[in-house]
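>>> take a look and give me a structure for this.
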Amino acid sequence: MRVLDRFLKYVQYDTQSDSESKTYPSTDKQWVLLKELLNELKELKIDASIDEYGYVIGRIPSNVKKNVPSLALIAHVDTSPDASGKDVKPNIIKNYQGGDIVLNKEKDISLSPKKFNNLHDKIGHDLVVTDGTTLLGADDKLGVAEIMTIAEMLQSDQSIQHGDIVIVFTPDEEVGTGTEYIDVDKINADFAFTLDGSKVGEIAYENFNAATAKLTFIGQSVHPGSAKNRMINSLDLANEFYGLLPKALKPELTEDYEGFNHLVSQSGTVEKTKMTMIIRNHDKEKFNKQKEDFKLIQDFINKKYHYHACQLELTDSYFNMKEILDQHKDKLNIAIDAIKENGLEPIIEPVRGGTDGARLSFMGLPCPNLGTGGYNFHGPYEYASINEMSQALDIVKTIIEKFAK
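Below is the predicted model:
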């Protein structure tokens, strides 16, 4: 089956994950696609299984006699909670020639290069777009489709030399728990790639160090009619805390290697307010300084009000995989060379976020991230380049052959 056909098939599955769920996977609907992928692997005569957490793992044995590194290819099936993934209606735009693409005439929704300048280098490409009412699901069903197509290619064409290839499909990456219960010993690979990036030719091996700050502010509630010199409003405490953080570290003011503190949610009453923030920085020292700022502000507020008005819970989420991948430059260079050999200039940029590969790298499976040809993830302006789908397959095939040498 062509990679495009697979992709168009997989986006029909509603696999949206849920950050508020207490189950794993977080939604039952992810099981449907995971089990379908298991069946497809078995139909290809690939030894595959699914465990109680929904991880699908298949293994294609090496067809070379010498001992070469085993390689895992990983993608996640869930789509973001940020936009609906139900009843996705993909449309194909043939030979895009620039200008606005009308996604939904009735709702006056268009995909414009004025807003999304990544369209400027898609002239002549065939594109898959949405109807403007849902996301597309390229993040990461495009990675899933490309991996499944590679698996079929390896099974049908024995002239492609390869070591052990491990296929891994995971749930719940979009809610930050994609590797929560994964067993890297079961994957049993020397190196891995997540296919979960954007422009083909990208190879990402740097990401944020990340932490979550959960804050609770305790006020002193008094009837407003007799509140003078008595009331302490917890909402004011929360706003005071936020106002003491460095204003230059708001995400809307940062880019590239600049870190940020991001207010995710805040709700409360006079008596109690809860706030959640995320802390991000590529630089470990600066990351630790940002966390220290939170502790210092907590101490300042508690001393100012003479009681435990601010309660802070700091939890590290993941770390910069560069710390691990710097030890594997030889394998990174294989991927970089593969990109060059397929006529593209490697795009090496830091990920302003996290990946399953970051967690896997610290779990003992070094795992950079490759571009797949999808753009504008998590919303109705998401699209995929059919041309880049083919390029992604060529790059992965070249990487596999180079690992076998």
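
>>> identify the residues contacting residue 385.
Neighbouring residues of residue 385 by CB atoms under 8 Å, 6 or more residues apart in numbering: 122, 125-127, 200, 373-375. To be clear about C-beta, it is placed using only N, CA and C from the backbone, and glycine gets the same treatment.

>>> now do 6 Å
122, 125, 127, 373 (CB atoms under 6 Å, 6 or more residues apart in numbering).

>>> same check, this time on residue 165
By CB under 6 Å, 6+ apart, the neighbours of residue 165 are 60, 71.

>>> so where's the longest helix in this protein?
helix 284-305 (DSSP state H).

>>> ok, residues contacting that one?
So helix 284-305 is in contact with 209, 211, 213, 241, 244, 259, 279, 281, 308-310, 312, 314, going by CB under 6 Å, 6+ apart.

>>> in PyMOL, select just the buried ones from those.
This is the PyMOL syntax for the buried subset of the contacts of helix 284-305, where burial follows 16 or more other CB atoms under 10 Å:
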select buried, resi 209+211+213+241+259+279+281+309+310+312+314
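
>>> ok, of the contacts of residue 385, which come out buried?
Judged by 16+ other CB under 10 Å, buried ones among the contacts of residue 385: 122, 125, 127, 373.

>>> need those in a markdown table (columns: secondary structure, distance to residue 349 and pLDDT).
Putting those into a markdown table (DSSP: H, G, I helix; E, B strand; the rest coil; distance: CB to CB, whole Å; pLDDT from 0 to 100) gives the following:
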| residue | secondary structure | distance to residue 349 | pLDDT |
| --- | --- | --- | --- |
| 122 | helix | 19 | 97 |
| 125 | coil | 21 | 98 |
| 127 | strand | 23 | 98 |
| 373 | coil | 16 | 97 |
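
>>> residue 24: which of those residues is nearest?
residue 373 (29.6 Å; CB to CB).

>>> ok, the closest one - contacts?
By CB under 6 Å, 6+ apart, the neighbours of residue 373 are 200, 384-385, 388-389, 392.

>>> swap in residue 282?
Per CB under 6 Å, 6+ apart, neighbours of residue 282: 208, 257, 320, 350.

>>> try it again at 8 Å.
Per CB under 8 Å, 6+ apart, neighbours of residue 282: 206-209, 257, 259, 320, 322, 350.

>>> which two among those residues are spaced furthest apart?
Farthest pair in the contacts of residue 282, by CB to CB: 259 and 322, 14.4 Å.

>>> count of neighbours near residue 215?
Neighbour count of residue 215, defined by other CB atoms under 10 Å: 22.

>>> sorry, that was for residue 73
Residue 73, neighbours per other CB under 10 Å, totals 26.

>>> same question for residue 53.
Residue 53 has 16 nearby residues by other CB under 10 Å.

>>> so it is in contact with residue 178, correct?
No. In this structure, residue 53 is not within contact of residue 178 by CB atoms under 8 Å, at 10.5 Å.

>>> which residues do those two both contact?
residue 171.

>>> list the residues that contact residue 163.
Counted by CB under 8 Å, 6+ apart, residue 163 has contacts 62, 64, 68-71, 400, 403-404.

>>> swap in residue 231?
Going by CB under 8 Å, 6+ apart, the list of residues near residue 231 reads 219-222, 224, 270.

>>> got a list of contacts for stretch 254-265?
By CB under 8 Å, 6+ apart, stretch 254-265 touches 208, 242, 245-246, 248-251, 253, 274-283, 286-287, 290, 293, 350, 352.

>>> got the end-to-end distance for it?
One end of stretch 254-265 sits 20 Å from the other (CA to CA, to the nearest Å).

>>> buried stuff in it?
254, 258-261.

>>> show me where the stretch 251-400 of the chain has its strands.
In the stretch 251-400 of the chain, the segments counted as strands under DSSP state E, counting those that start in this stretch are 260-268, 272-281, 310-318, 369-371, 374-375, 383-385.

>>> touching, residue 112 and residue 102? I think so.
No. Applying CB under 8 Å, one finds residue 112 not in contact with residue 102, separated by 9.9 Å.

>>> quick one, domains of the protein?
Domain ranges of the chain: 3-206+320-404, 209-318, per automatic domain parsing.

>>> how long is the shortest one end to end?
Pointing back at domain 209-318 there. Domain 209-318: ends 6 Å apart by CA to CA.

>>> quick one: that domain to chain centroid distance?
Distance, stretch centre to chain centre, for domain 209-318: 26 Å (CA atoms, centre = their mean, to the nearest Å).

>>> likewise stretch 11-21?
The answer for stretch 11-21 is 14 Å, by CA atoms, centre = their mean.

>>> swap in stretch 115-131?
On CA atoms, centre = their mean, the centre of stretch 115-131 falls 21 Å from the chain's centre.

>>> read off the pLDDT value for residue 47.
You'll see residue 47 listed with a pLDDT of 97.

>>> what sits closest to it if chain neighbours are left out?
Leaving aside its sequence neighbours, residue 47 sits nearest to residue 59 (CB to CB, 6 or more residues apart in numbering; 5.4 Å).
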